[in-house]
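A.B. asks: After the sequence you'll find the predicted model.
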Amino acid sequence: MRYAPAILLGRVVRVLARWRKPGGGSAVPGLVVNKVAPGFLPRTLNSFPDGLIIVTGSSGKSTTTKMLVAALRAHGTAVFTNQSTANISQGLTSALLEQVSLSGRIAGDIAVLEMDEGHGALISGSLTPRVVTLTNVMVDQIDRFHDSDMVAAMLAKIAARATGTVVINADDQYLANLADHLDGSATVARYGVSAEVLAANPRGLGYSATTEDRLDAGEGMLLTQAQGRRATVSISGREFPLGLPARGTHYAVDALTALCTVQAALGDRFDPIRAIDAISAIPPVFGRGEIVTVRGQQVEFVLVQNPASFQLNVDSLESGTEQILVAIGSDVRDPSYFWPVITSGLSRVRIASGSKGHDIALQLAYDDVVVDRIELDLGRALDDFLALPEPLIGMKTIIFSADSMRRTRAHLGLVTNSEA
Amino acid sequence: MTRPLTIVSLLPELLGTNGDAANARVLAQRSRWAGIEAEVIDVRSATDLPEYVDAVVIGSGSDSDLISARDILAPMTTNLREWTTAGVPILAVGTGWELLSWGIELADGTAIEGLGVVAGRATPMPERATDDIVVDSRHGRLVGFENHARNYVGAEASPLGQVRTGTGNGAGTEGLVMGTLIGTHLHGPVLARNPGLADHLLRSALVRTGQMYAPGVRTQAADDIAQAARNQVAVRLGLSAE
């Protein structure tokens, strides 16, 4: 009952916050409780009977977390999980307040948290996760995490907290180095792609540094095939087919990451077929392969979160797709961000939009992509783009950054699968 | 001239963190748009160097790669000196520029010896500079993004320009000019956003091969976009549009 007063206070604040601003104020209760009872968050997160799992890394966290939660639940495990938010401590505390009893307990066997590497490194010092899963190190949000070394150092800090297993992407050189230098009791579980899968991605998988050698089947879980929305994984020498929520090798790697984590979390209780069925049943998500009918037309929305995912998405677009809108918003602080991407595969873009519309149009121009128009006003760009007659080749395709995605959803009033 | 204009991109992976290697692509495109064939040669070690070099682009990398990048560049020191003497344009961005200097002082008190191709050295700053930067230069107003943890001292006599907004070298100036070599903290697509600087480098390259440079039709279209992008940043920072 130690935190009962703080929990009650948080609930009162929540009611007041919603009273003042209906539907909003979700981080405020967390802010207040973290202030008066800083021990509440770590204590609650460390109290799940089957422990805490943290998923972190540059890219693929959301999809991996979602797959992991589905696979754990398919084993009958009760899971507490979060939506990733900008300020993880406040958001998490607020989320916990929704479900916690006055005694400070939350119903559930296990907690699965997706953590941004920066905020994760800040709060992980008080946490004792049983499993820490690391996806990759990519050049990501470079104006905040200025280089790969810094990202790797933050991930190492989080990984050092693991009491059971650190799950790592063996194809990522930074993570391989990190695993070699782990001290403490945690064991390392590895996953990776086969030489064939890597060869099928001539530009690589987007990691800042890729290891020379591929993982052997005896050393961990392998992705042995990835084609469109189908993949094959090898677990303890057995091959299993797998369905993905969207096309692209990176989604197959996310599924592999989730499977490797489920095995680390459940040990002997891990049932590959049960886990794979659950992952294969996950529907596509808005901005990640979902096709939505908007104003009577089918539109594919493609979210690009970093140079690697931008490149993969450009490369996997149906060739000749003739109606493309690209919108890059204020979330991309530094316009240098996307320049490593070769966008020439797009051939023609009808409208470049978002507050960084000029910058993305400039890059497209240098890649010999024809840009018909620059319209910084995203609402007007969307209206005009959707008003174009149906394309003859490919589907109407909207490529956007996270900020432009939020604005697009709001402008079009879309209620679809959430992005988390 | 029958051979294409050859633009060398030095260590495009190791020194290309912020998309700096794209500057080679920008020079090549501007050349093609002007009707002059151009090619980008990625150079990852001295053995990759082509017979003719018309322009050189070198970018920025991680601090943990400083020594390995320096060691790969070291055998090319003579080449770099010959290019600077011969008037081959060189654009060196961020740590790529620092490696060409006398040396790099790190925050932990140690130092990394540079190649000594240009005067000056990099010294640690109390805080990292990460923001838009605007510089007044003889190539016009330069707008870019800086992201570095070190000042540059010793370039005061011949900087690239004066800082209007931002940090730059640390004492009101930004960058370094030594003949046709330009060092700068403006990372990423600095040449795409600042075509005045790009064409200065391109003209320097073409004058050596006896070619005239006249920007192409598509160049103008791209430069209009660049100007809009620059003005957007300038106005946000309280400066006038151009």
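C.D. replies: Structure's in. What do you need?

A.B. asks: Mind listing residues that contact stretch A:174-185?
C.D. replies: The contact list for stretch A:174-185 (Cβ atoms under 8 Å, 6 or more residues apart in numbering or on different chains) reads A:134, A:136-137, A:148, A:151-152, A:155-156, A:159-160, A:162-163, A:166, A:168-170, A:188, A:190, A:207-209, A:211. In this view, the C-beta of every residue, glycine as well, is placed from N, C-alpha and C.

A.B. asks: and the spatially closest residue to A:A121 that is not a sequence neighbour, what helix or strand is that in?
C.D. replies: Nearest residue to A:A121, sequence neighbours excluded (Cβ to Cβ, 6 or more residues apart in numbering or on different chains): A:M154, at 3.9 Å. Assigned by DSSP states H and E, A:M154 falls within helix A:148-159.

A.B. asks: what distance separates whatever helix or strand comes next after that helix from the centre of its chain?
C.D. replies: Beyond helix A:148-159 on the C-terminal side, the first helix or strand identified by DSSP H and E is strand A:165-169. For strand A:165-169, the separation from the chain centroid amounts to 17 Å (computed by Cα atoms, centre = their mean, to the nearest Å).

A.B. asks: Name every strand pairing with strand A:165-169 and say which way it goes.
C.D. replies: strand A:131-134 (parallel), strand A:187-193 (parallel) (DSSP bridges).

A.B. asks: A:Q298 is in contact with A:M395, correct?
C.D. replies: Yes - with contact defined as Cβ atoms under 8 Å, A:M395 counts as touching A:Q298 (5.6 Å).

A.B. asks: And the two? Which one has more around it.
C.D. replies: Using other Cβ atoms under 10 Å in any protein chain shown, the more surrounded residue of A:M395 and A:Q298 is A:M395, with 18 against 12.

A.B. asks: Chain B versus the residue lying closest to that one once chain neighbours are set aside, what's the distance?
C.D. replies: In space, and not counting its chain neighbours, A:M395 is closest to A:E300: 5.0 Å by Cβ to Cβ, 6+ apart. Distance, A:E300 to chain B, using Cβ to the nearest Cβ, to the nearest Å: 26 Å.

A.B. asks: Contact partners for the residue in the stretch 301-420 of chain A that chain B sits nearest to?
C.D. replies: Nearest residue of the stretch 301-420 of chain A to chain B: A:S336, at 2.2 Å (Cβ to the nearest Cβ). Contact partners of A:S336, counting by Cβ under 8 Å, 6+ apart, are A:142, B:18-20, B:145, B:187-189.

A.B. asks: just to revisit the earlier point, give me the distance from the helix holding A:M154 to the chain's centre.
C.D. replies: Distance, stretch centre to chain centre, for helix A:148-159: 17 Å (Cα atoms, centre = their mean).

A.B. asks: pLDDT weak spots in chain B?
C.D. replies: Applying pLDDT under 70 to chain B flags the ranges B:1.

A.B. asks: So which residues of it form strands?
C.D. replies: B:5-10, B:38-43, B:55-58, B:90-93, B:103-105, B:111-113, B:121-137, B:140-153, B:161-165, B:173-174, B:176-178, B:181-184 (DSSP state E).

A.B. asks: Mutual contacts of A:M395 and A:Q298, please.
C.D. replies: A:I291.

A.B. asks: Chain A contacts on chain B?
C.D. replies: Applying Cβ under 8 Å from any Cβ of the partner chain, one finds that chain B approaches chain A through B:16-22, B:25-26, B:29, B:61-64, B:128, B:130, B:145, B:147, B:149, B:187-189, B:192-193, B:218, B:221-222, B:225-226, B:228-229, B:232.

A.B. asks: Please indicate which of those residues are buried?
C.D. replies: The neighbour count (16 or more other Cβ atoms under 10 Å in any protein chain shown) marks B:16-22, B:25-26, B:29, B:61-63, B:130, B:145, B:147, B:149, B:187-189, B:192-193, B:218, B:222, B:225-226, B:228-229, B:232 as buried among the residues of chain B next to chain A.

A.B. asks: what ranges of the stretch 301-420 of chain A fall below the confidence cut-off?
C.D. replies: Residues of the stretch 301-420 of chain A meeting the criterion pLDDT under 70: A:416-420.

A.B. asks: So which bits of it are right by chain B?
C.D. replies: For the stretch 301-420 of chain A, the contact set with chain B under Cβ under 8 Å from any Cβ comprises A:307, A:334-340, A:358-359, A:361-363, A:365-366, A:368, A:374.

A.B. asks: If we use 6 Å, what do you get?
C.D. replies: A:334, A:336, A:339-340, A:358-359, A:361-362, A:365-366 (Cβ under 6 Å from any Cβ of the partner chain).

A.B. asks: would you turn those into a markdown table with secondary structure?
C.D. replies: Output for these, formatted as a markdown table (DSSP: H, G, I helix; E, B strand; the rest coil):
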| residue | secondary structure |
| --- | --- |
| A:D334 | coil |
| A:S336 | helix |
| A:W339 | coil |
| A:P340 | coil |
| A:H358 | helix |
| A:D359 | helix |
| A:A361 | helix |
| A:L362 | helix |
| A:A365 | helix |
| A:Y366 | helix |
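
A.B. asks: Can you select the buried ones from these in PyMOL?
C.D. replies: Per 16+ other Cβ under 10 Å, the buried members of those correspond to this PyMOL selection:
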select buried, chain A and resi 334+336+339+340+358+359+361+362+365+366
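
A.B. asks: nearest to A:L72, of the residues of the stretch 301-420 of chain A next to chain B?
C.D. replies: A:P340 (35.7 Å; Cβ to Cβ).

A.B. asks: thinking that closest one is in contact with A:P307, fair?
C.D. replies: Yes - using Cβ atoms under 6 Å, A:P340 is in contact with A:P307, at 4.8 Å.

A.B. asks: longest helix in chain B, by residue count?
C.D. replies: In chain B, with assignment by DSSP state H, the single longest helix is helix B:217-236.

A.B. asks: give me the low-pLDDT residue ranges for chain A?
C.D. replies: Chain A contains residues with pLDDT under 70 at A:1, A:18-26, A:83-89, A:140-146, A:416-420.

A.B. asks: Domain ranges for chain A, per the record?
C.D. replies: For chain A, the domain assignment from automatic domain parsing gives the residue ranges A:40-93+A:104-280, A:288-412.

A.B. asks: Turn these into TSV, including distance to B:Y52.
C.D. replies: Below are the domains of chain A laid out as TSV (distance: least, Cβ to Cβ, whole Å):
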stretch	distance to B:Y52
domain A:40-93+A:104-280	29
domain A:288-412	24
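
A.B. asks: how would you label A:Q305: helix, strand or coil?
C.D. replies: Put simply, A:Q305 is coil when judged by three-state DSSP.

A.B. asks: A:S347: neighbour count?
C.D. replies: Neighbours of A:S347 (other Cβ under 10 Å): 17.

A.B. asks: In contact with the closest residue to it other than its chain neighbours, which residues are there?
C.D. replies: Take A:S347 and drop its neighbours on the chain: the residue closest to it by Cβ to Cβ, 6+ apart is A:V369, 6.2 Å away. A:V369 is in contact with A:343, A:346, A:349, counting by Cβ atoms under 6 Å, 6 or more residues apart in numbering or on different chains.

A.B. asks: Out of those residues, who's the most crowded?
C.D. replies: Ranking these using other Cβ under 10 Å puts A:V349 first, with 24 neighbours.
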